[in-house]
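J.: here is my input, please return the structure:
(2 chains)
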Amino acid sequence: MAYSDKVIDHYENPRNVGTFKAQSDVDASEVGTGLVGAPACGDVMRLEIRVKDGLIADAKFKTFGCGSAIASSSLATEMIKGMTLDQAAQIKNTHIVQELNLPPVKIHCSVLAEDAIKAAIEDYKKKQAPRVAAGSAGTAAAKPQDA
Amino acid sequence: MVAEATHTPASPKSIAIAVPDGVKLPIFMDNHSTTAVDLRVVQAMLPFFTQHYGNAASRNHSFGWTAEAAVEHARAQIAALLGGDAKEIVWTSGATEANNLAIKGAASFLRRQGNHIITVETEHKSVLDTCKRLQREGFEVTYLTPAKDGLVTPEQVTAAMTDKTILVTIMLANNEIGVVQPIEAIGAAVKAKNPRTLFHTDAVQGFGKVPFDVEKARVDLASVTAHKLYGPKGIGALWVRRKPRVRIDPLIDGGGHERGMRSGTLPVPMIVGFGKAAELAREEMASEAARLNALRDRLYKGLTARLTETYVNGSLEHRLPGNLNISFAFVEGESLLMALKDVAVSSGSACTSASLEPSYVLRALGVGDELAHTSIRFGIGRFNTEAEIDYVIELVVSAVERLRQLSPLWEMHQEGIDINSIQWTPH
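T.: Alright, predicted model coming up:
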């Protein structure tokens, strides 16, 4: 199967790979994690969002899956950065299919990326629920470090 | 823009590996799918396109006689490698047709004797799908499950035999994992239990690669093909025993060629090429097997010395020279193939097929789906070199390391999290 140039670009130069767990300057309460897929199905995506002032300030991913799955999650992290949670929740898999020119057999990769975004948002919101009463402390603005 | 922070020891970006002198890209290392035609085979074929182009069935002129003599010479060349007699060779278009002819032809002819067929779950699709069709026509088929190493035992086969068993069909060597079945012991056991039960073997992958003799294996029918053996595509053969005579119904009716079992004008140049390929294989099998085994071991050791969490699928001991089927845990197969774009290999991952299910062969061995998705089949052949092996080792090691940095499963494994303890959401 021939891959589109965009899939190859994301596969060879994946954006935003990693995890916020490794970053000491990131408060765990700012992070929402979506872990979707299954090893037995051949693809697992983990997408993390870091939310500040209602905006997705940063995103990270790691993916076990084919080139199209890696590209879909890499693209998803790019798309959601700077968005509000509501905006990010509106992203549909068809946006990813279009952007990456995915063939029909790879559409499930884009669906998984959409699921990962939604799961990360949900996880973040769940973490906030008990905090609302306590009042958000807010952490010092810290840009992620260059590796 | 937010910077690309990775927080991993090395960059997840792909890095180019220098191509050593003497290595030309792309490298073909998928010799179980097909092989390049040996130039000596091409040379033997050429005169039969433009000079000796007669129809081998023409009995009245020298063009026909020359073609017929060439076909008979090729029969003798195949028989010399296969055992048995030259007259027992029935030319077909390839192994798929040979398997169809053997199984459907025997089932049809022996319908009154019984309706039970025995085969193995790891057979080629041309055997399995043929058996499935016969099931729809009222035959009963037993699919034996091999052991973890991919092998079946003679006892397993005879235990499944009933007085209705007309045919046992078991491959010589597997196309995915390369394991070589104990075909002589199985043949002896089948015949000891019931001499009237026919024994067929799909010998395609093992023919000319490992010692195989139709008499020693006591087979009645054996399928072979040229293009896995450095011969041309489009020509195969079914060996059909004459003593005692094995009768099968033809699939193709016509002019009564090939003792009535397979009508159709013979493709003389292809047959000449098949004969030459068999002759070369017979002369060079021992030395070539030693060389390919050494290359396979070099590849295996080179990969496993530098990568942990690798698993060979199937027996390493009872295996075709040149075959390595190995899983690189936590790295999905198709993504690895993408990194190896200048090396032709194949994967048992679902993503390489339209079905979205991983290899049925690995499943039959009890390899978990999560590992089956990470398997790669290397098929080293006559024209691969040591320099190519060394380059492929570098490429695979670098790609697996990079993709593991990208893999959440690898990260969990490193942190000591049991992947199986997580509640996954199958999709």
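J.: all contacts plus neighbour counts: C-alpha atoms, from now on.
T.: Fine.
J.: so, low pLDDT: which residues of chain A?
T.: Where chain A drops to pLDDT under 70, the residues are A:1, A:131-147.
J.: ok, now with 50
T.: Scanning chain A for pLDDT under 50 picks out A:135-147.
J.: which phi and psi values does the residue nearest the centre of chain A adopt?
T.: Nearest to the geometric centre of chain A sits A:Leu47, at 3.6 Å (CA atoms, centre = their mean). Main-chain torsions, A:Leu47, degrees, to the nearest 10: phi -120, psi 130.
J.: skipping its backbone neighbours, what lies nearest it in space?
T.: A:Phe61 (4.4 Å; CA to CA, 6 or more residues apart in numbering or on different chains).
J.: just the helices in the chain please.
T.: No chain was given, so I picked chain A. A:5-12, A:67-80, A:85-89, A:93-100, A:107-134 (DSSP state H).
J.: wait, chain B
T.: Going by DSSP H, chain B shows helices at B:39-45, B:47-50, B:62-82, B:95-109, B:125-136, B:154-160, B:183-193, B:214-217, B:268-306, B:333-339, B:360-364, B:369-372, B:386-406, B:408-414.
J.: chain B contacts on chain A?
T.: Contact residues (CA under 8 Å from any CA of the partner chain) of chain A with chain B: A:12-19, A:22-23, A:36-46, A:58, A:62-67, A:105, A:143-147.
J.: quick one: contacts for the nearest residue to B:Glu72 once chain neighbours are set aside?
T.: Nearest non-adjacent residue to B:Glu72, counting by CA to CA, 6+ apart: B:Ala86, 7.6 Å away. B:Ala86 is in contact with B:72, B:75-79, counting by CA atoms under 8 Å, 6 or more residues apart in numbering or on different chains.
J.: one step back: pick the most deeply packed of the helices of chain A.
T.: Highest mean neighbour count of those: helix A:67-80, a mean of 25 (counted as mean count of other CA atoms under 10 Å in any protein chain shown).
J.: so how far is that helix from its chain's centroid?
T.: Taking the mean of its C-alpha atoms, helix A:67-80 sits 8 Å from the chain's own mean (CA atoms, centre = their mean, to the nearest Å).
J.: low-confidence stretches in the stretch 101-250 of chain B?
T.: In the stretch 101-250 of chain B (pLDDT under 50), no residue qualifies.
J.: residue boundaries of the strands in it?
T.: For the stretch 101-250 of chain B, strands defined by DSSP state E, counting those that start in this stretch occupy the ranges B:116-120, B:140-144, B:165-169, B:198-202, B:221-225, B:236-240.
J.: and of the ones you listed, who's closest to B:Glu284?
T.: strand B:221-225 (17.7 Å; CA to CA).
J.: now do stretch B:269-287: distance to the chain's middle.
T.: That offset, for stretch B:269-287, works out to 18 Å (CA atoms, centre = their mean).
J.: B:Gln205: which of the helices of chain B is closest?
T.: helix B:95-109 (10.1 Å).
J.: helices and strands around that closest one, which ones?
T.: On a contact count with 3 or more CA pairs under 8 Å, 6 or more residues apart in numbering or on different chains; DSSP states H and E, helix B:95-109 meets helix B:125-136, strand B:165-169, strand B:198-202, strand B:221-225, strand B:236-240.
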